[in-house]
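A.B. asks: here you go, sequence then predicted model.
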Amino acid sequence: MNSNMLSKEQEILNIFKESLKIESKVMTVDTLFCNPRKRRSIKEDPYYQRNYVWDEDKATYFIESILLGTEIPPLVFFSNDKITEVIDGRQRFETIERFINNKFHLTKKGLRVLKDLRKKTFDELNVEIQDIFWDTKLRIIEFSVLKNSQLTEQNEDFIKKEIFRRYNSGITPLQRAEVDKAYYINNDINEYFKNQISADKYIYTLLLDLFFVDREKERMKYNATLEKVMLKIRSLLVLHQIPIKYYSTLKGREEIKKLLFEVLANNIEEEELYYKQFIGKIEVLDSIKTLFDKKKLYSNRLVFESLFWALNVCEIEKVDFKIFKEDQFIAELIEYVSINISDFTLENHHFGKETLQRYVIVSKFFEEKFSIDFNLYLYNSTQFKEEQKELFNTTETDADKLSELETLRLNRPDAATTTIEDIMRQMMRKRFLLRPSYQRGEAINRAKASSLIESILLGIQLPPIFIYKRTDGISEVIDGQQRLLSILGYIGQSFIDEDGEIVFSEKNEYKLNKLKFFSELEGKKFNELPEELCNTIYEFNLSLVTIDAKINPTFDPIDLFIRLNNKPFPIRENTFEMWNSYIDKEIISLCKEKTKKYSSWFYARLNNSRMENEELFIILSYLDYKYHNKDTVVTDYLDIYQQRGKTSARIKDKGDITRTLDSALENEEVKKSFIKSLKNTEIFIKKTQTLLVDKNVENIESFLKTELEHIFQINKTSRRRTLQNFYLLWYLMKDVNQSMILRKRFEIKKEVKSIFLFIKTFIQDDESQLTDEFTAKAEQFIQKFKVSKRSINLNQEEKEYLIDSQKQTCPICQGILLNTDEIEVDHIIPLSVGGREAIANLQVTHKNCNRQKGNQMN
């Protein structure tokens with residue numbers, strides 16, 4: 001690291017330590033949103049923020065949480081003399097404002113308790129409930145600069161973006177299976193299945209083989225993998241109860257499966273018998289998979305999910321189960337599925353049409369074999385809706401009755417502070433439970449944990465930890481477990497797990513990794529830190545919000561856990577949402593400008609709420625940047641490979657894009673080169689436009705959109721644009737210039753289409769046959785249409801030979817060529833339009849004639 005970077009690092013470090021003021025505040029919704037002067041001073045969408053991404057169900061769920069008085073995370077502000085910017089909490093802030101302004105109504109799916117508020121806007125609520133909303137207190141963490149500190153605009157911008165990054169990069173969202181673990185913790189059937197499977201490694205392995213990728217088998221020992229298996233089992237057990245056509249297009253399919261599983265669990269009388277019947281079907285599927293593998297035929301989880309569904313239907317229709325174990329039946333089934341294996345492709349498998357098609361294919365085999373009518377299980381949506389009406393119209397809470405609503409609301413406590421030392425002391429007394437049974441396992445990695453320790457050393461306040469103090473005096477961690485585990489793991493402190501065992505963090509006594517400001521601490525363990533830094537960690541104030549069961553006797557900690565973790569929209573690492581928050585402002589602005597310019601047809605997603613189109617532009621610019629780096633070859637950064645019988649492409653290491661953008665922030669030469677690549681990406685888009693337009697059209701944007709999808713082979717069976725299509729198009733076109741396309745656009749377009757048609761080819765081969773063929777076709781295309789480089793330099797004798805062969809005539813003006821004239825060697829067919837660098841393609845002309853002709857043929 002050079003001295004300039006060190007001095008910059010120290011300067012920022014000093015600002016965090018000496019110039020920042022951090023305050024915890026509480027404001028009502030009314031104060032924050034209805035005071036015109038206050039509201040005008042708040043900017044909820046500074047340029048480094050991501051877009052508003054919550055859908056109406058998520059927004060409704062959040063509004064219901066406010067009405068119930070449920071604890072919600074604080075808003076994080078950065079204030080100066082002129083304006084207050086929302087650093088963290090834009091989604092919450094904007095949802096509240098949108099609801100107040102009647103921009104959306106509460107949805108049925110989003111409401112879990114206050115069911116009769118569905119379809120209501122804010123103005124349609126009872127006045128008393130509106131008052132509850134206005135009076136709700138919001139926690140705020142506000143950063144500002146001390147009055148005596150002099151911060152440049154550039155440094156203040158850097159500080160704001162750094163705080164934003166730290167609040168958003170440390171999030172490791174719960175997966176749906178982990179949230180459901182809490183939801184089903186008291187479900188007897190779910191717990192019986194879980195206990196049986198976790199105790200039987202053979203059955204556990206079978207389930208992973210049938211329905212999951214190999215990676216999950218490697219993670220068998222982790223509780224999160226077991227929860228994923230349980231999520232799959234619950235789906236398998238009820239799917240046959242929902243007509244597939246209805247299910248395939250249903251937005252709230254997971255909620256319906258949850259309700260059906262609860263009904264199923266309540267009606268099962270003999271757990272052991274039901275479990276054995278389930279295992280019987282799994283063993284049949286295992287026999288089928290074994291023969292698939294023995295014959296070296298391709299199969300995947302979609303095949304076995306569909307077959308399990310069919311076995312459930314056959315069970316209802318009283319088919320003799322013994323038939324499914326017969327060798328002849330299994331052989332015929334495998335032959336049938338193999339013939340139709342293209343209907344089980346994993347690409348776009350979640351789309352409605354593709355979902356219905358594979359179940360129809362499976363049903364035809366069983367219909368012909370056993371004379372069963374599968375229409376009821378495939379198409380009878382009307383009957384299903386009627387039969388299930390009572391199930392889905394659950395008893396509703398009359399939320400208009402203020403007294404009933406008040407019983408649901410929490411007595412909200414003020415936040416208190418404590419230190420990690422105090423928490424450790426409570427744990428030693430067995431008064432502090434870090435991992436109650438509904439919590440997930442350890443999820444945060446060493447890099448994120450190290451970043452959290454660095455935030456503590458910088459003095460950045462962490463989000464509050466939510467605690468439930470039970471009537472027996474023991475405090476459970478509802479939210480904040482991962483933060484505490486990161487601190488305890490670094491210190492090397494043990495804790496008591498959900499089984500009452502004394503355990504250590506999975507990353508116990510880890511070394512600090514990828515620090516941004518404390519480079520001298522890289523690779524250091526806690527016991528290797530200077531004493532003053534150890535004390536900083538021990539004495540760091542953690543904000544605790546404690547909900548006391550004695551004051552809130554109806555409070556359900558599992559409900560709060562689910563509300564805080566349900567359907568999160570975190571900022572993912574190595575995405576534009578994250579890059580937007582901290583990389584060079586000029587790069588970000590240019591990327592956004594160019595993305596918007598072509599967004600009507602050159603896009604990854606029409607709905608660009610997650611900034612995926614800007615991300616595509618950055619990735620293409622990264623490919624160009626690496627391509628023009630003499631120290632790399634394409635295979636270093638773009639991986640073209642064969643997966644599941646198809647040609648695929650991916651960026652080898654998206655983290656390298658982040659590292660490149662980090663370098664552009666610190667190195668002016670890297671920045672200039674990357675900005676050049678951003679401009680080259682626009683040239684690539686223009687080349688693509690030239691290639692696509694092969695006739696006069698009136699609505700050019702609509703034509704370009706359609707033609708690009710034709711190139712990508714996006715049709716009725718494959719409607720989604722994938723990033724790999726753009727990567728492969730870039731790979732083909734990177735050496736083809738605009739002049740070449742103008743001259744040979746029909747030929748080039750035809751060959752590009754042909755190559756993308758080949759990309760869609762499917763074979764039951766797990767080797768590299770398709771990749772090799774694609775590489776050969778691509779190389780042939782590139783050599784045919786790329787621009788040759790100048791390499792021939794004629795000596796005087798060779799020039800005179802050419803002049804004599806031209807009979808001393810300039811081929812441009814047809815005038816005489818004399819040895820006293822200024823001459824130039826020119827290409828008969830310009831290199832830019834496919835001319836070759838060869839003696840046969842050279843001619844000698846007057847210099848003036850050649851310059852006037854330019855890049856044209858004679």
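C.D. replies: That came through fine.

A.B. asks: okay, now residue 31: neighbour count?
C.D. replies: Residues lying near residue 31 (other CB atoms under 10 Å) number 15. Quick note: C-beta positions are derived from backbone N, CA and C, even for glycine.

A.B. asks: same question for residue 479.
C.D. replies: If we define neighbours as other CB under 10 Å, then residue 479 has 22 of them.

A.B. asks: just give the nearest non-adjacent residue to it, would you?
C.D. replies: Spatial nearest neighbour of residue 479, excluding adjacent residues (CB to CB, 6 or more residues apart in numbering): residue 466 at 4.2 Å.

A.B. asks: quick one: the helices in the stretch 751-858 of the chain, in order.
C.D. replies: Ranges of helices in the stretch 751-858 of the chain, per DSSP state H, counting those that start in this stretch, are 769-785, 796-805, 847-853.

A.B. asks: how close does the closest residue to residue 301 other than its chain neighbours sit to residue 231?
C.D. replies: Leaving aside its sequence neighbours, residue 301 sits nearest to residue 211 (CB to CB, 6+ apart; 4.8 Å). Distance of residue 211 to residue 231, given as CB to CB, to the nearest Å: 10 Å.

A.B. asks: and residue 668, how many neighbours?
C.D. replies: Residue 668 has 8 nearby residues by other CB under 10 Å.

A.B. asks: report the buried residues of the host helix or strand of residue 139.
C.D. replies: Per DSSP states H and E: residue 139 is located in strand 137-145. Neighbour-count burial for strand 137-145 flags 138-145 (criterion: 16 or more other CB atoms under 10 Å).

A.B. asks: send over it as PDB, restricted to the C-alpha atoms.
C.D. replies: C-alpha atoms of strand 137-145 as PDB (Å, rounded to 0.1, in the frame of the first residue of the first chain):
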ATOM      1  CA  LYS A 137     -42.500   5.800  18.000                       C
ATOM      2  CA  LEU A 138     -39.700   5.100  15.600                       C
ATOM      3  CA  ARG A 139     -36.200   4.500  16.800                       C
ATOM      4  CA  ILE A 140     -33.500   6.500  15.000                       C
ATOM      5  CA  ILE A 141     -29.700   6.400  15.000                       C
ATOM      6  CA  GLU A 142     -28.400   9.700  13.700                       C
ATOM      7  CA  PHE A 143     -24.800  10.300  12.600                       C
ATOM      8  CA  SER A 144     -23.600  13.900  12.200                       C
ATOM      9  CA  VAL A 145     -20.300  15.800  12.100                       C
END
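
A.B. asks: residue 749 contacts residue 694, doesn't it?
C.D. replies: Yes. Residue 749 is within contact range of residue 694, at 6.2 Å (criterion: CB atoms under 8 Å).

A.B. asks: settle it for me: which of the two has more neighbours?
C.D. replies: Neighbour totals were compared for residue 749 and residue 694, and residue 749 leads with 19 against 13 (other CB under 10 Å).

A.B. asks: low-confidence ranges in the stretch 601-750 of the chain?
C.D. replies: 644-645, 715-720 (pLDDT under 70).

A.B. asks: quick one, helices of it?
C.D. replies: Along the stretch 601-750 of the chain, the segments classed as helices by DSSP H, counting those that start in this stretch run 612-627, 654-666, 668-692, 700-711, 723-733, 738-759.

A.B. asks: the ones you listed: which one's closest to residue 337?
C.D. replies: Of all the helices of the stretch 601-750 of the chain, helix 738-759 sits nearest to residue 337, with 24.4 Å by CB to CB.

A.B. asks: which helices and strands does the closest one pack with?
C.D. replies: Helices and strands touching helix 738-759, by 3 or more CB pairs under 8 Å, 6 or more residues apart in numbering; DSSP states H and E, are strand 646-651, helix 668-692, helix 700-711, helix 723-733, helix 769-785.
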